[in-house]
Every structure is written in C-alpha cells, then in structure tokens.
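Asker: Please find the sequence and the predicted model below.
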Amino acid sequence: MNMAFTKSFGGAQRGSKFGGGRRAFVKPVSEYDSKLLDLARVTRVTAGGKHMRFRSVVVVGNMKGKVGVGVSKGLDVQQSVQKATKLAKKNLIEVLIVNDTIPHEVHAKYGPARIMLKPQRQGRGLVAGGTVRTICLLAGIKNISSKQLGRTNNKLNNAQATIAALKKLKLKVIKNAVTPSQTNS
C-alpha cells in the first residue's frame, strides 16, 4: 500500500482502509418514544408586522403505561419540537392497563372534543383513529375501542381529551363474595 495514502488519511494503520479510527457519533438512547402529532404555522400580527412561529404537539410514551403530551412554539420547527418533547416528558401520566386494555369504559371532554374509550377483549387490537390511536400505542395499550364524539378535528384538543380520559381510569376492586361451597366446609 502506498505510504502517502496511509499518512494522508491515517486509516490503514488503525485497522481500516478509509478512516477506521474515527469515532462514530452515538446518539443517547432514550427510554421514551416520541411522535409528532401536529405542526402548525402560527402568526401574531402586531403594529410592527407579522411574527411567524411554529407550534408543535408531541406525544411521548414508553409503551409500558406512561404517556404525555407537550405543546410548544418556537422560531423554527426543530426548536418547537424539542421544547414540546421536553414538556411532554415533564407531563407524563401513569395509565392503568389491565391485560393489555383499560379496566372500564370512560368518557372525557376537553373544549369541543369529546372522547369515549372502551376496553376490548384480547387480540382485538387498537380500534381507534388518528390522535387516540397514537396516544394509546405510545401508552402501551394493545386492545381498545374508541370513538371521537365531538365534531372537532383539532388534534391538540383530541389529544388533551384522550389524556383526560386516561387520567379518569381507576381500578375497581370487587370484594370476594362468599359462595355456597365455601360455607359448607
């Protein structure tokens, strides 16, 4: 091999023909998955003119029962997404999941958005659309049926209504009733 080639690139001496000694950029692994739900361009009109910003809605979840929604604005898309992701991680809620579904039916309202969530039997899957599907998927709910009862298609309001519905979930404790076979023995 040509000595000038190895000196200029420095790769052959370290185990690779083309720059094998360089360190690759390793992105830190996060335990949360995130999904951009909505991105909107918003403007504020003042006496000095129009001020344009970006509003992003991000859903963050670990697929094991924790999910959160964050909303933020920024001067560019990347800044608004980063701020929304940080807020979503701050606003995580614990979702009650029993046998890959929710324990009972629940209704919630947020502004004009109304959401109904119903448990499903094993293997039925996510019977939900749009915003509700994304939030349930990131929360780790595998079997659920939902319906958006409100007439709005605003993803932010539907996301907030879904989070409000998941906050209402409670585990119903049923006391063991005494059966006739237990009294005879």
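Answerer: Right, received. Where do you want to start?
Asker: tell me which element the closest residue to K83 other than its chain neighbours falls in.
Answerer: Closest residue in space to K83, ignoring its immediate chain neighbours: S72 at 3.7 Å, by Cβ to Cβ, 6 or more residues apart in numbering. Using the backbone N, CA and C atoms, a C-beta is placed for each residue, glycine as well. Assessed by DSSP states H and E, S72 sits inside strand 66-74.
Asker: if we can go back for a sec, OK, contacts around the residue nearest to K83?
Answerer: By Cβ atoms under 8 Å, 6 or more residues apart in numbering, the contact list for S72 reads R55, S56, S80, K83, A84, K86, L87.
Asker: how does it look with 10 Å?
Answerer: Taking Cβ atoms under 10 Å, 6 or more residues apart in numbering as the contact definition, S72 lies against 53-58, 79-88.
Asker: Repeat that for V59.
Answerer: 33-38, 67-70, 84-85, 88, 131, 134-135, 137-139, 155, 159, 162-163.
Asker: E94 too?
Answerer: K64, G65, K66, V67, A139, L166, K167, L169.
Asker: Could you look up the SS state of the last one?
Answerer: Put plainly, it is L169. Secondary structure assignment for L169 (DSSP: H, G, I helix; E, B strand; the rest coil): coil.
Asker: Am I right that H104 falls within a strand?
Answerer: No - secondary structure of H104 (three-state DSSP): coil, not part of a strand.
Asker: burial count for it?
Answerer: Using other Cβ atoms under 10 Å, H104 is surrounded by 15 other residues.
Asker: looking at it, K83 is touching S56, isn't it?
Answerer: Yes - contact criterion Cβ atoms under 10 Å: K83 and S56 qualify, at 8.0 Å.
Asker: More neighbours: those two, which one.
Answerer: Neighbours were counted for K83 and for S56 using other Cβ under 10 Å; S56 has more, 23 against 17.
Asker: Name the helix or strand for that one, please.
Answerer: Going by DSSP H and E, S56 is in strand 49-61.
Asker: Partner strands of that strand, with direction?
Answerer: strand 33-46 (antiparallel), strand 66-74 (antiparallel) (DSSP bridges).
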